[in-house]
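Enquirer: please work out how this folds:
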Amino acid sequence: MGVLSRADVDLSDVVAVAREGERVSFASVVERDLAASRAVVEAVLAEGEPVYGLNTELGAGRDIVVSTERIEEFQRRTVRNSSGGIGSSLSVEQARAVVFARLVGFSRGGAGVTSELAVQYRELLNRDVYPVIPRTGSVGAADLTHLAAVAAVATGTGRAFIDNAAVSGADALAAVSLQPVTLQAHEALAALSGNSYSVGVGALVVSDLAGIVNAADRVVALSLAALAEHSTGGNLSPFSVEIQSAHRSAEQAAAAARVRALLPSGSAASTQDPLSFRTAPQVHAALASAVAASAAAIRLELNSRTENPLVDIDSRRMISGGNFQVLGLALSFESLRLALAHVAAASERRLAKLSSLQAPLRRAGRARVPGLLSYSASSLLAELRQLANPVSLYTTSLSDDVEDVSSNAALALQLLERSAALTRTILAIEAVTAAELAAIEAQHDGSRDEVRRVLSGPLQEIVDVVTAALDADAPADELVAALERELYA
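Expert: Alright, predicted model coming up:
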């Protein structure tokens, strides 16, 4: 990312900061916007009119005025009360993604935080302080519990990782020569007012999904080669330029082209293969389209001002609103889980066909891949289908019915993470079986022309990984894990 400015931030910028450790600095325009937005907060505070979260309590207490002498204590209480997250902590790269996403929000001027707080968040990233952020707690109406864990560390409480050890927030700051910041009026709410977990970690998860799309095309190509060798199938006509040009999906055409590039044209005795083979470009295109839509939804939220109340520099007002409602983002995660389930379902069906072709080879002692790997794939698919169900509607009313709807975006994202992992594994299981079949030359009975296709480099690499693991007598889980590393490296 380098320098934060008014320019749009992309998913690749989140990946660079969170995963690759890129350092962050502020352009002068960001420093000016921070100062201008803070000046609005100070002016509104001086006017004394009630403003939500500035000089009033939060949620059900929105009509209770906070006196001037209690404002500093109110900031501490807000962070402490919001630190209700539980469960396992986020990974280091996920924690960095959360901090960076909130810092981007600060830089847009809608939060009205002091430059001191923004710099503190920047330096948490630049000095490798990673807040311990519990995974569970957000209902998708701002990721309050996740962001409270970050704010706690910035103010010298909470816990953080330093050199892979969890220490108190105060000790973590001291270890990198940082002082705790004292939150000023409105800053506690401003620090919490964003969907930075759903956006930041979502950027990492969705960025990785492109790897599944490409891997799925490689696996289909290998399965077609195996099908051609051991049956009358493996027909490539559904992947032809003519068929693809008849449809106006660029994603579909790209998927078919990737498969064509991996296989020579050849011929097949069967006029049509099962749908799981011949409609692979259409299924994979649906996933690619869903990935693009979700990336656009993340980009929209990342570059918007979603705080409540919004600090508007132009009108010099603090305005209550609902930009923290990220239903569109949640629905994009839901759509992705459904698309992944379709990709995995087609993979499991191709695997079933390949496993049937493998059966006589097992009886003859020529196959070493366990036949019941297909059972594992079926079990994983059952879980995937369950995960594809929507969760955005399963919300409840909170805070004395003030917060009566929400998006469950965080949960939708967490289920997406699991769905992606299951899909990767199912595709790897298909690839294991296809690789062994493609490597074993069929003993044809002369009833048909031999169709054996010479494997391209990328497909031969998959076969080599499987062969090496089998030669080492690797158990099934290690065999599949080796394939996952190859497919998603």
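
Enquirer: Provide the secondary structure category for residue 88.
Expert: Using DSSP: H, G, I helix; E, B strand; the rest coil, the structure places residue 88 in strand.

Enquirer: what's the helix or strand for the residue nearest to it when sequence neighbours are not counted?
Expert: Counting by Cβ to Cβ, 6 or more residues apart in numbering, the nearest residue to residue 88 once its immediate chain neighbours are dropped is residue 135, at 5.4 Å. C-beta here means a position set from N, CA and C on the backbone, and glycine is covered the same way. With elements taken from DSSP states H and E, the one containing residue 135 is strand 134-136.

Enquirer: where along the stretch 51-200 of the chain do the strands fall?
Expert: Remark: strands of the stretch 51-200 of the chain, listed N- to C-terminal, are 86-89, 130-131, 134-136, 159-162, 165-168; assignment by DSSP state E, counting those that start in this stretch.

Enquirer: quick one: contacts for the residue lying closest to residue 111 once chain neighbours are set aside?
Expert: In space, residue 111 comes closest to residue 190 once its chain neighbours are excluded; the distance is 4.1 Å by Cβ to Cβ, 6+ apart. With contacts taken as Cβ atoms under 8 Å, 6 or more residues apart in numbering, residue 190 has the following neighbours: 106, 111, 112, 113, 307, 311.

Enquirer: can you pull the contacts of the fourth one?
Expert: Counting by Cβ under 8 Å, 6+ apart, residue 113 touches 34, 37, 38, 106, 186, 187, 190, 191.

Enquirer: quick one: contacts for the last one?
Expert: Residues near residue 191 by Cβ under 8 Å, 6+ apart: 79, 102, 111, 113, 117, 147, 148, 150, 151, 154, 183.

Enquirer: can you list the domains in the chain?
Expert: Domain segmentation of the chain under automatic domain parsing yields 2-194, 200-308+327-487.

Enquirer: what comes into contact with stretch 375-389?
Expert: For stretch 375-389, contacts defined as Cβ under 8 Å, 6+ apart pick out 337-338, 340-341, 344-345, 347-348, 351, 415, 418-419, 422-423, 425-426, 429-430, 476.

Enquirer: which helix in the protein runs the most residues?
Expert: In the chain, ranked by residue count with DSSP state H as the criterion, the top helix is helix 327-363.

Enquirer: now residue 291: closest residue in space, sequence neighbours ignored.
Expert: Closest residue to residue 291 in three dimensions, ignoring its sequence neighbours and counting by Cβ to Cβ, 6+ apart: residue 209, at 4.8 Å.

Enquirer: circling back to that earlier point, dump the domains of the chain into a markdown table; add mean pLDDT and distance to residue 321 as well.
Expert: Compiled in a markdown table, the domains of the chain are given as follows (pLDDT from 0 to 100; distance: least, Cβ to Cβ, whole Å):
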| stretch | mean pLDDT | distance to residue 321 |
| --- | --- | --- |
| domain 2-194 | 95 | 10 |
| domain 200-308+327-487 | 92 | 6 |
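
Enquirer: got the contact list for the residue lying closest to residue 198 once chain neighbours are set aside?
Expert: On the basis of Cβ to Cβ, 6+ apart, the spatially nearest residue to residue 198 that is not a chain neighbour turns out to be residue 409, at 4.2 Å. When contacts are counted by Cβ under 8 Å, 6+ apart, residue 409 touches 138, 140, 195, 198, 326, 327, 329, 330, 333, 392.

Enquirer: also residue 328?
Expert: Under the contact definition (Cβ under 8 Å, 6+ apart), the residues listed for residue 328 are 297, 300.

Enquirer: make it 6 Å
Expert: Taking Cβ atoms under 6 Å, 6 or more residues apart in numbering as the contact definition, residue 328 lies against residue 297.

Enquirer: how far away is it from residue 199?
Expert: 12 Å (Cβ to Cβ, to the nearest Å).

Enquirer: same question, residue 157
Expert: Taking Cβ to Cβ as the measure, residue 157 and residue 199 are separated by 25 Å.

Enquirer: ok, back up a step: any chance of the strands of the stretch 51-200 of the chain in CSV with distance to residue 282 as columns?
Expert: Written out in CSV, the entries for these read as follows (distance: least, Cβ to Cβ, whole Å):
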stretch, distance to residue 282
strand 86-89, 38
strand 130-131, 42
strand 134-136, 35
strand 159-162, 44
strand 165-168, 47
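
Enquirer: before we move on, the earlier item: by how many degrees do the helix or strand following the longest helix of the chain and helix 327-363 diverge?
Expert: Taking DSSP H and E as the definition, the helix or strand that follows helix 327-363 towards the C-terminus is helix 373-387. With axes from the mean of the first three to the mean of the last three Cα atoms, to 10 degrees defining the directions, helix 373-387 sits at 170 degrees from helix 327-363.

Enquirer: in helix 373-387, which residues are buried?
Expert: Neighbour-count burial for helix 373-387, counted by 16 or more other Cβ atoms under 10 Å, picks out 373, 374, 376, 377, 380, 381, 384, 385, 387.

Enquirer: could you verify my assumption that the second one touches residue 349?
Expert: No. Shown here, residue 374 and residue 349 do not form a contact pair, counting by Cβ atoms under 6 Å, at 10.4 Å.

Enquirer: tell me the contacts of the residue most central in space within the chain?
Expert: Centroid-nearest residue in the chain, with Cα atoms, centre = their mean: residue 205, separated by 1.8 Å. Shown in contact with residue 205 (Cβ under 6 Å, 6+ apart): residue 417.

Enquirer: and if you look at residue 440?
Expert: With contacts defined as Cβ under 6 Å, 6+ apart, residue 440 is in contact with residue 366.

Enquirer: for the stretch 151-300 of the chain, just list every one of the helices.
Expert: For the stretch 151-300 of the chain, helices defined by DSSP state H, counting those that start in this stretch occupy the ranges 169-175, 187-192, 196-230, 241-245, 250-262, 275-278, 280-302.

Enquirer: which of these is buried the deepest?
Expert: Among these, ranked by average contacts under mean count of other Cβ atoms under 10 Å, first place goes to helix 187-192 (a mean of 28).

Enquirer: chain center to that one, what's the gap?
Expert: 25 Å (Cα atoms, centre = their mean, to the nearest Å).

Enquirer: only C-alpha atoms, please: export that helix in CSV.
Expert: Output of helix 187-192 as CSV, limited to C-alpha atoms (Å, rounded to 0.1, in the frame of the first residue of the first chain):
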residue,chain,number,x,y,z
GLU,A,187,-13.1,8.6,19.7
ALA,A,188,-14.3,5.4,21.4
LEU,A,189,-17.3,5.2,19.2
ALA,A,190,-15.4,6.3,16.1
ALA,A,191,-12.8,3.5,16.7
LEU,A,192,-15.6,0.9,16.8
